[in-house]
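**Q** A structural model of the following input is requested.
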Amino acid sequence: MLLGGGGLVDAFYDHPQAKPYVRIYELLGGNKDKVKAVIAPADPLTLGGQIARRSVVMFNASRDEIVPPSATKALWEAAAQPRIIWYDTTHYGAALYIPQMFRVVVDYLGSP
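**A** Take a look at the predicted model:
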C-alpha cells in the first residue's frame, strides 16, 4: 500500500494553494474541525495503530509539494516509527528513484 502521509487536513488546510478555497468554505460556515470530522475515517493517521503492527518501509520525498513532509512525519509517528527512506526530491521527482525503491522492496520482501 502506498501512503504519503497522514493528518491530511492539517497538511492541506493551511497550504498556500488551498487559501482561496478555504476562504470560501469558511465564508459558508465551515471550519477546520468540521473538515477533520469528515476526513478522519479516511485519514491514514486514524489507522496508524494498525499500520504499527505490520512490517512497513516508507519512501518519502523531502521536498514534496503535494504531501508535505509534516504529513509524512505524522504518519511515521502514528505507525510507531517504521523504517523510512527520504529522497531529496519533489513529489513528482520521486519517480526518478523508483528503481532504487524497487531494489529496497525486493530485498525487504526477500529477507527472512
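
**Q** Now do the SS call for residue 85.
**A** State at residue 85, reduced to three classes by DSSP: H, G, I helix; E, B strand; the rest coil: strand.

**Q** Spatially, and excluding backbone neighbours, which residue is closest to it.
**A** Once its chain neighbours are removed from consideration, residue 85 has its nearest residue in residue 59; the separation is 5.3 Å (C-beta to C-beta, 6 or more residues apart in numbering). C-beta coordinates here come from the backbone N, C-alpha and C atoms, glycine included.

**Q** After the helix or strand of the chain with the lowest mean pLDDT, which helix or strand is next? Please name it.
**A** Of all helical and strand segments in the chain, the minimum by mean pLDDT, DSSP states H and E falls on helix 48-52, at a mean of 80. The helix or strand immediately downstream of helix 48-52 is strand 57-61, counting by DSSP states H and E.

**Q** What's the separation between the residue nearest to residue 8 when sequence neighbours are not counted and residue 30?
**A** In space, and not counting its chain neighbours, residue 8 is closest to residue 43: 5.1 Å by C-beta to C-beta, 6+ apart. Distance, residue 43 to residue 30, using C-beta to C-beta, to the nearest Å: 17 Å.

**Q** Of those two, give the one with the bigger neighbour count.
**A** Just comparing residue 43 and residue 30: by other C-beta atoms under 10 Å the higher neighbour count belongs to residue 43, 23 against 13.

**Q** Okay, angle between the longest helix that the chain contains and strand 83-87 too, please.
**A** Among the elements of type helix in the chain, defined by DSSP state H, the one spanning the most residues is helix 98-110. In this structure, helix 98-110 runs at an angle of 170 degrees to strand 83-87, with axes from the mean of the first three to the mean of the last three C-alpha atoms, to 10 degrees as the basis.

**Q** ok, back up a step: residue contacts, the residue nearest to residue 85?
**A** 84-85, 87, 94, 97, 101, 104 (C-beta atoms under 8 Å, 6 or more residues apart in numbering).
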